[in-house]
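Student: Coordinates for the following, if possible.
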Amino acid sequence: MKFVSKYFLQNQFKNFFQNVLKPIVQKEIDERIAAVLAEKEAREKAISDLTEKCRNESETIYSRILSENERATGAEESLQVNIDAEKTERETDVANAKIVASAISLGIATKLEEKLTEEKERAINAENELFDADNAMQAKIDTLNADAKTTGSVREIISHLAPTYTLSDTRNDNQSPMWYIQNTHGLMVKWEFKDMKTMGLGAAGTYCALETIVPWHDVSGGTVIQIAYQSSSAWVRNGNAQASAWGAWAKKW
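Tutor: From the prediction side, this is the model:
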């Protein structure tokens, strides 16, 4: 494609990158960030629920201790004959209850601390994974930018994204420039097998490979370009500014 400007091709790929590839990459990054934030929020809620549960259990245990104290006080007032023994027994019960409560509280606190540590580690790992994924995605973007700057032709850019071309057999169709814009949505190179008579090139031969370059998704991106290739010749034509009709064919070699 000797006749296609290097700067034209670079601008086409730059448009492709800015308007198609980069939004897709950014969307993936945003979705992954949203997922990590949602997971972090869920974990924080779980920690909050666990903390509240521990608080309620501690209050219940404390209420039991108060109840045991009240029982001990009541026993002292009602059992005068065996007051010393009863008091000792109740005090022992209270002490045991306090020991049990202390052990339960200590176990809950230990488990809560372990859970908090585990959740913090998970959150840190998730943030690190997101950071690594962001760096990897940025590296891919940098690679594509470098390729776009150094690539010399539309075919080389396309071959980087898709290693082979596929020609559609549309030999009897001669579509308008607007048809290609509407059916490819722009930013695309379409290849077709054509009967040259259908394309208005009957005197030049029988069949050709037709390359159609659609630079944008509407006419604001420039005219649609078609190149008809034979083994030793090539012809070029452009659509008009409204993409409603084709201009005349011009032989390039």
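
Student: host element of the residue most central in space within the chain?
Tutor: Closest to where the C-alpha atoms of the chain average out (Cα atoms, centre = their mean) is Glu28, at 1.3 Å. Secondary structure from DSSP states H and E places Glu28 in helix 22-78.

Student: so how many other residues sit close to Asn11?
Tutor: By the measure other Cβ atoms under 10 Å, the count of residues near Asn11 is 15. In this view, the C-beta of every residue, glycine as well, is placed from N, C-alpha and C.

Student: and it, which of the three is it?
Tutor: helix (DSSP: H, G, I helix; E, B strand; the rest coil).

Student: Determine how far the helix holding Glu28 lies from the middle of the whole chain.
Tutor: 32 Å (Cα atoms, centre = their mean, to the nearest Å).

Student: Which neighbouring elements make contact with it?
Tutor: helix 83-150 (3 or more Cβ pairs under 8 Å, 6 or more residues apart in numbering; DSSP states H and E).

Student: I'd guessed Lys251 sits against Ala234; true?
Tutor: Yes: the criterion here is Cβ atoms under 8 Å, and Lys251 meets it with Ala234 at 7.4 Å.

Student: Look at those two and report which has more neighbours.
Tutor: Ala234 (18 against 11).

Student: Just read off the phi/psi values of the closest residue in space to that one that isn't next to it in sequence.
Tutor: Counting by Cβ to Cβ, 6 or more residues apart in numbering, Ala234 lies nearest to Lys252, which is 4.8 Å off, once chain neighbours are set aside. Per-residue torsions, Lys252: phi -100, psi -40 (degrees, to the nearest 10).

Student: Tell me the pLDDT of Lys252.
Tutor: pLDDT, Lys252: 92.

Student: Please look at it and Val236 and confirm they touch.
Tutor: Yes: the pair formed by Lys252 and Val236 meets the contact definition of Cβ under 8 Å, at 5.5 Å.

Student: Who has more neighbours out of those two?
Tutor: Val236 (18 against 14).

Student: doesn't Ala248 make contact with the more buried one?
Tutor: No: Val236 lies out of contact with Ala248 (Cβ under 8 Å); the separation is 10.0 Å.

Student: quick one, what contacts the nearest residue to Ala97 once chain neighbours are set aside?
Tutor: Nearest residue to Ala97, sequence neighbours excluded (Cβ to Cβ, 6+ apart): Glu68, at 5.2 Å. Contacts for Glu68 (Cβ atoms under 8 Å, 6 or more residues apart in numbering) come out as Arg90, Asp93, Val94, Ala97.

Student: Next: Ala250.
Tutor: Trp235, Val236, Arg237.

Student: Quick check: which element contains the last one?
Tutor: Read it as Arg237. Assigned by DSSP H and E, Arg237 falls in strand 234-238.

Student: So which elements touch that strand?
Tutor: Short answer (3+ Cβ pairs under 8 Å, 6+ apart): strand 234-238 packs on strand 225-229, strand 250-251.

Student: Include distance to Leu50 when you put the ones you listed into CSV, please.
Tutor: Formatted as CSV, the helices and strands packed on strand 234-238 follow (distance: least, Cβ to Cβ, whole Å):
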stretch, distance to Leu50
strand 225-229, 65
strand 250-251, 76
